[in-house]
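Chemist: below is the sequence, then the predicted model.
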Amino acid sequence: MAVIGFIGLGNMGGPMAANLVKAGHQVVGYDLVPAAVEAAKAAGVTIGESPAAIAAAADVVITMLPGGKHVLGVYGDITPLARPGALLIDCSTIDVDSARKAHALAADKGAASLDAPVSGGVGGAAAGTLTFMAGGEADAFERARPILEAMGKKIVHCGGAGAGQAAKICNNMILGISMIGVCEAFVLAEKLGLSHQALFDVSSTSSGQCWSLTSYCPVPGPVPASPANRDYQPGFAAALMLKDLKLAQEAAQGAGAPTPLGAAAAQLYAMMNAQGQGGADFSGIIRMLRGEG
């Protein structure tokens, strides 16, 4: 099995690294947060001294970091020391331009690379059922596939450098828009005296059916596993949805693509975050639409 470096052991990276350990890999991790480090150690991850030291010792280095500037900063540290032929996989959700710059840094040092953001949230990270959207060369993707399969259920090669990030932000723009639509429908149903269950029973089996309704229903009851049944504990936090919608808007402006619903969704999630609800699940936007504080 490979020696895998894992930089970024937070809510997503920690469980992902733990699943690599379960698959039999030797995982050497790093994080700035002591609690994340302790949790990773308890899961069998060896803790490295620094990202650069990890890169010098690992066959594969995976990063899961907050933003593009963090990824590029770490790549600046690790690429000079990466082993010949090393594979670098960035699973962060970042802007397409930064993803392409990270690929270029890796290529300059002779390392293969993928941008491979994920979908599935913290639950999917823990269960090993994430979806990976990968961008990069085909041979790098084939090398990465068995490693990604230890952490996810569906692995998709989306195209060249940056294509994984493009797929992620397009997908999450759909998700943000559809969740708002579902929430608006439930708020209207409440005003019209229609029960939550009645609307769910009709829409989940007709033309209103979508993932936001049938897997992540924003009201308690119809889908017991949805965050609505746990007072909107995430799940996928509204602050993260806003981050992804902003990335989509930046990409749309750069590409000259009209995304009026994406822009409206970003504005609504910005309002939710401004109300101090960024830590709640993104489906909790239904409370704001009801006019609740």
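Modeler: Sure thing, it's come through. Numbers count the residues shown, from 1 in each chain.
Chemist: Ile183 against Ile286, yeah?
Modeler: That one is not Ile; residue 183 is Cys. Yes. The criterion here is Cβ atoms under 8 Å, and Cys183 meets it with Ile286 at 3.9 Å. Backbone N, C-alpha and C define where each C-beta goes, glycine included.
Chemist: which one of those two has more residues nearby?
Modeler: Neighbour count, other Cβ atoms under 10 Å: between Cys183 and Ile286, Cys183 has more, with 25 against 22.
Chemist: pLDDT score for the more buried one?
Modeler: Looking at Cys183, its pLDDT is 98.
Chemist: what sits against it?
Modeler: By Cβ atoms under 8 Å, 6 or more residues apart in numbering, Cys183 lies in contact with Pro218, Ser283, Ile285, Ile286, Leu289.
Chemist: let's see if you can find the most crowded of those residues.
Modeler: Neighbour-wise, these (other Cβ under 10 Å) top out at Pro218, 28 neighbours.
Chemist: distance from stretch 285-293 to the middle of the chain?
Modeler: Relative to the chain's own centre, stretch 285-293 is displaced by 25 Å; criterion: Cα atoms, centre = their mean, to the nearest Å.
Chemist: next one: stretch 235-251
Modeler: Distance, stretch centre to chain centre, for stretch 235-251: 10 Å (Cα atoms, centre = their mean).
Chemist: what sits up against it?
Modeler: Contact with stretch 235-251 is made by 93-96, 121-123, 165-166, 168-170, 172-173, 175-176, 216, 227, 234, 257, 259, 262-263, 265-266, 269-270, 272-273, 277-285, as judged by Cβ under 8 Å, 6+ apart.
Chemist: list the buried residues for it?
Modeler: 235-245, 247-249, 251 (16 or more other Cβ atoms under 10 Å).
Chemist: for Ala35, state which of those residues is nearest.
Modeler: Ala237 (17.6 Å; Cβ to Cβ).
Chemist: pLDDT value on that closest one, please?
Modeler: 94.
Chemist: Gly159: neighbouring residues, count only.
Modeler: Residues near Gly159, counting by other Cβ under 10 Å: 16.
Chemist: that one and Glu149: what is the separation?
Modeler: Separation of Gly159 from Glu149 (Cβ to Cβ, to the nearest Å): 20 Å.
Chemist: now do the helices in the stretch 1-150 of the chain.
Modeler: 13-22, 34-42, 51-57, 68-78, 96-108, 121-127, 138-149 (DSSP state H, counting those that start in this stretch).
Chemist: what is the second one packed up against?
Modeler: It stands for helix 34-42. helix 13-22, strand 46-47 (3 or more Cβ pairs under 8 Å, 6 or more residues apart in numbering; DSSP states H and E).
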